[in-house]
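Enquirer: below is the sequence, then the predicted model.
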Amino acid sequence: MKIENRIIITGAAGFIGSQLASFLIKNGHLAQNILLVDDIHKYNERVCTVQLRKNDFEICDWHEFPQLLNTGDKANVIFHMGAISNTEEKSKDKLNEQNLHYSQKIWNYCTENEVPLYYASSASTYGAGEFGFEDNSEKIPQYKPLNLYAQSKQDFDLWVLNRIQDGHTPKKWAGFKFFNVYGAGEDHKGSQGSVVWHAKRQFEEKGVMKLFKSHNPDFKDGEQARDFVYVGDVCNVLNFFYTSSTQNGIFNLGSGKARTFKDLVAATAAAINVECKIEYIPTPESLRAQYQYFTEASLDKLRKAGYTVPMTELEEGVKKAIEDDKELKS
């Protein structure tokens, strides 16, 4: 197995990684020129990889991938989407190993071999949003993540900032603070799936969608607001940076417009042609201290970097996500 001159996608058995692989194929790349990295068993079992498995992809187990980086071969580019994405993960050691140290190995390889690197950070690093949602690198040390997952993403961003100071960076690189990404192929995520996925499933199974009540007097039930971004936009941005000579840095990747959970559920109901019935339930005590009531990406930095394509409106994106999911499973 070789990495020379290949496009590498880590986390390829995950939601975003598998979508990115499909996007590249649809845009003219050959499967044999792409190396997928993840847990092989998950890749062979998950719904999100069904269409990928019809192509001639080679997949490397994520445990073995660091060994390939030591061969001296030079990859074309690495899209590092792999990580523990469970926001309820309680093992700090596990998160440090997979979300921090593993990412550091990839960064060092890309730096030493001048390989472009594009990695997934997270909007969860902004915490409660008390310092806003601007992707200004000078503000990153101020952020106060609300859970261990978010802290692991913050720790890597901080480590990257130190590497910038040391001049130890790939020639082309970018980190992306993904906001609430939704789209096809989320079945394996369970409780961590997007609200679109939960709403579709609950409407189809029970005819009603359960949303958390607000425990913040500034927000009415269902009016908690997040920046929901369609996964197709995420893939477009990643491809833009890969194919363009644009600036390096850490960027927000969201829609740029906060929408309420009620809006999202209503859009889902309309997309599957059912009545929008909502039941409000208490937020579990274990989640209340970690709950973000509002997120909204500032896209100024992304726009200045040259990405000017409008982001998909929520209603259109939800409709696309459901259509894409049907195609994925056909």
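Expert: Noted; the coordinates are in hand.

Enquirer: C-alpha only now, for contacts and for neighbours.
Expert: OK.

Enquirer: three-state assignment of residue 177?
Expert: State at residue 177, reduced to three classes by DSSP: H, G, I helix; E, B strand; the rest coil: strand.

Enquirer: number of nearby residues for it?
Expert: Residue 177 has 25 neighbours, counted by other CA atoms under 10 Å.

Enquirer: and residue 210, what is it in contact with?
Expert: 199, 202, 278-281 (CA atoms under 8 Å, 6 or more residues apart in numbering).

Enquirer: want to throw those into TSV with neighbour count?
Expert: Formatted as TSV, these follow (neighbours: other CA atoms under 10 Å):
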residue	neighbour count
199	24
202	14
278	17
279	12
280	13
281	12
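
Enquirer: turn these into CSV, including secondary structure and distance to residue 229.
Expert: As requested, the contacts of residue 210 are exported to CSV (DSSP: H, G, I helix; E, B strand; the rest coil; distance: CA to CA, whole Å):
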residue, secondary structure, distance to residue 229
199, helix, 16
202, helix, 21
278, strand, 22
279, strand, 24
280, strand, 24
281, strand, 25
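
Enquirer: which stretches in the protein count as helices?
Expert: With DSSP state H as the definition, the chain shows helices at residue ranges 15-26, 40-45, 65-69, 92-95, 102-113, 148-166, 195-206, 231-243, 261-271, 285-288, 300-304, 314-328.

Enquirer: tell me which of those sits nearest to residue 186.
Expert: Closest to residue 186 of the helices of the chain is helix 15-26 (CA to CA; 5.8 Å).

Enquirer: check which helices and strands that closest one is in contact with.
Expert: Other helices and strands packing on helix 15-26, by 3 or more CA pairs under 8 Å, 6 or more residues apart in numbering; DSSP states H and E, are strand 7-10, helix 231-243.

Enquirer: and it, what's buried?
Expert: For helix 15-26, the neighbour count (16 or more other CA atoms under 10 Å) marks 15-24 as buried.

Enquirer: what do you get for stretch 194-206?
Expert: 194-200, 203.

Enquirer: nearest to residue 123, of the residues you listed?
Expert: Distances from residue 123 to the buried residues of stretch 194-206, taken as CA to CA, are shortest for residue 194 (14.4 Å).

Enquirer: list the contacts for that closest one?
Expert: 180-182, 186.
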